[in-house]
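**Q** everything below, folded, please.
(4 chains)
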There are 4 protein chains.
Amino acid sequence: MVTPALEMLERYPARLSHVDRRALANCIEECFACVEACTASADASLCEEEVTELRKCIRVTLDCADVCDATGRVLSRNTGYDAHVTRAVLESCATVCAAAADECERHTGHDHVQLCAAACRRCATACRELLAELA
Amino acid sequence: MVTPALEMLERYPARLSHVDRRALANCIEECFACVEACTASADASLCEEEVTELRKCIRVTLDCADVCDATGRVLSRNTGYDAHVTRAVLESCATVCAAAADECERHTGHDHVQLCAAACRRCATACRELLAELA
Amino acid sequence: MVTPALEMLERYPARLSHVDRRALANCIEECFACVEACTASADASLCEEEVTELRKCIRVTLDCADVCDATGRVLSRNTGYDAHVTRAVLESCATVCAAAADECERHTGHDHVQLCAAACRRCATACRELLAELA
Amino acid sequence: MVTPALEMLERYPARLSHVDRRALANCIEECFACVEACTASADASLCEEEVTELRKCIRVTLDCADVCDATGRVLSRNTGYDAHVTRAVLESCATVCAAAADECERHTGHDHVQLCAAACRRCATACRELLAELA
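**A** So this is what the prediction gives:
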């Protein structure tokens, strides 16, 4: 599938030798999808009657949105590539996404939280896969 | 089409009476797609030989990424809806996206800039359509 | 007082003819101070026993943090200045900050919310003052 | 000195047992100061005649702004504290800030880049100090 991120990468004006384009495009897409899911689910949790039981879940999804946003932006840049920076950002994003997914999965009664858990889990996996691919 | 933003809106725990869900979901998706396109294209422009001619284009696409990011996040929240806030944010986003599209369309020789122009134009349109729908 | 934003503006490599440096630097500082205050206060509200009464307050301060972040970033850029973009962003930021200040001022029992109200009010004022100065 | 971040932390409604408030407040302030410095310096570099030599510097300061923004937001939240998340984010921020400082320090001819280098170095140090303090 040619996603918007992949379309952009295919038009990058220099060679991309440090990374597989599909793994990179996939990770960018998952990061921004996770920003969307976490922001919406944190707000929906705030609206729930059981908001007090969802405090930790709201907090970690807000964190996850911010970290995925930064990661999606860093990965969208290829000029002056520095493997050290990219690796640090991916490690941190994978950790935060996994923590958010773990917490969300505990709240089985809320469908929006389960959608969010799935988005966080996919993003954690995409970060780990990209880390394994990076030159 | 059931996009991720629409899936989330369908699971929001309260009624959404102020807005058409499809128009809202569409605008959220276009905002985050525009963050992606603008961030990637600004970086690709920085890598171009003609970077000096692309300065204004880089600047306005960086602005557009930041404003679309904020707008996508605001639109993803429905708790404690305030029409005044949503309208102000949409007006500003439509203006910035249109300015970015105008500038990008001038640089016809760069495919990534044209992809970015299209994303900005779609987001400006989605903001205007949502403004017309809002209660 | 020479703030960090003013120090940076004094080292900008081209002339800044469109704006008074002090008003611009002040607005940049207030935007980022507002991001800090809103993010911290939204989290502190989430921790309060009366979280259900603070839902709308949490929501609007999260919005305000995002909009001030985008505005602070846009104002920090001077290359390829476009008055149209800057005005749109400032108008929207002034509106959102005023809405957040209004809501925060209703919750007089929480000191962190009152600190946040003051930060939002100062940022709204700084945006209005800069709008009045802009060429 | 009682900074805005410290004023907020002193009004947090629960005990903060996991961390020294001054080290935390200092790191929050340095993160947001670094967002400001990096965003302004990246734009000023884009305006320089020698923009082609500053490409890598622009890129890493844009990354640093995004990562410090996410880190400043995560650190501003104390509800549902998870040491694992905070440590991951701080490690990544320290790495990115150090990489940005290293690159900026190479461009001695530009005062705004040297101001930015100093902000990045202070933020990297604040992250390392906070990591050493965290329970």
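**Q** from here on, contacts and neighbour counts on C-alpha atoms
**A** OK.
**Q** wait, what's in contact with residue A:101?
**A** With contacts defined as Cα atoms under 8 Å, 6 or more residues apart in numbering or on different chains, residue A:101 is in contact with A:116-118, A:120-121.
**Q** mind naming the longest helix for chain A?
**A** helix A:21-47 (DSSP state H).
**Q** so is that one next to chain C?
**A** Yes: contact of helix A:21-47 with chain C (Cα under 8 Å from any Cα of the partner chain) involves A:43, A:46-47.
**Q** now that helix: buried residues?
**A** A:21-47 (16 or more other Cα atoms under 10 Å in any protein chain shown).
**Q** interface residues of chain A facing chain B?
**A** By Cα under 8 Å from any Cα, the residues of chain A that approach chain B are A:4-5, A:8-9, A:11-14, A:32-33, A:36-37, A:39-41, A:43-44, A:46-48, A:72-73, A:76-79, A:111-112, A:115.
**Q** what is the neighbour count of residue A:50?
**A** 11 (other Cα atoms under 10 Å in any protein chain shown).
**Q** SS state for the residue lying farthest from the centre of chain A?
**A** Going by Cα atoms, centre = their mean, the residue of chain A most distant from its centre is residue A:49, 27.8 Å out. Look at residue A:49: counting by DSSP: H, G, I helix; E, B strand; the rest coil, its state is coil.
**Q** now it: how far from residue B:79?
**A** Spatial separation of residue A:49 from residue B:79 under the definition Cα to Cα, to the nearest Å is 12 Å.
**Q** same question, residue A:113
**A** 16 Å.
**Q** tally of neighbours for residue A:105?
**A** Residue A:105 - counted by other Cα under 10 Å - has 18 other residues nearby.
**Q** now swap in residue A:118 and tell me
**A** Residue A:118 is flanked by 17 other residues according to other Cα under 10 Å.
**Q** try residue A:128
**A** 18.
**Q** secondary structure class for it?
**A** helix.
**Q** neighbours of the closest residue to it other than its chain neighbours, how many?
**A** Spatially, and ignoring its direct neighbours in sequence, residue A:128 is nearest to residue A:94 (6.6 Å; Cα to Cα, 6 or more residues apart in numbering or on different chains). Applying other Cα under 10 Å, we find 26 residues neighbouring residue A:94.
**Q** residue A:94 in helix, strand or coil?
**A** Under three-state DSSP, residue A:94 comes out as helix.
**Q** if I look at it, how far off is residue D:75?
**A** As judged by Cα to Cα, residue A:94 and residue D:75 stand 18 Å apart.
**Q** same thing with residue A:84?
**A** 23 Å.
**Q** which one is residue A:126 nearest to, not counting chain neighbours?
**A** residue A:27 (5.0 Å).
**Q** no, scratch that, I was asking about residue A:9
**A** residue A:21 (6.9 Å).
**Q** residue A:11 is in contact with that neighbour, correct?
**A** No: Residue A:21 is beyond contact range of residue A:11, at 11.3 Å (criterion: Cα atoms under 8 Å).
**Q** next, count neighbours for residue A:2.
**A** Residue A:2 is flanked by 11 other residues according to other Cα under 10 Å.
**Q** where does it sit: helix, strand or coil?
**A** coil.
**Q** equivalent analysis for residue A:14, please.
**A** Assignment for residue A:14 (three-state DSSP): coil.
**Q** got the contact list for it?
**A** By Cα under 8 Å, 6+ apart, the contact set of residue A:14 is residue B:47.
**Q** quick one: pLDDT of it?
**A** With respect to pLDDT, residue A:14 has a value of 93.
**Q** swap in residue A:134?
**A** Looking at residue A:134, the pLDDT reads 89.
**Q** what count of nearby residues applies to residue A:18?
**A** 13.
**Q** got a pLDDT number for the residue most central in space within chain A?
**A** The C-alpha lying nearest the average C-alpha coordinate of chain A belongs to residue A:31 (Cα atoms, centre = their mean; 2.9 Å). At residue A:31, the pLDDT value in this model is 98.
**Q** which residues of chain A lie near chain C?
**A** A:43, A:46-47, A:51-52, A:55, A:59.
**Q** ok, now with 10 Å
**A** A:42-43, A:46-52, A:54-56, A:58-59, A:62 (Cα under 10 Å from any Cα of the partner chain).
**Q** of residue A:84 and residue D:75, which one has the most company?
**A** Higher neighbour count among residue A:84 and residue D:75: residue D:75, with 20 against 12, using other Cα under 10 Å.
**Q** what sits against that one?
**A** A:63, C:39-40, D:24-25, D:27-28, D:31, D:81, D:86, D:89-90 (Cα atoms under 10 Å, 6 or more residues apart in numbering or on different chains).
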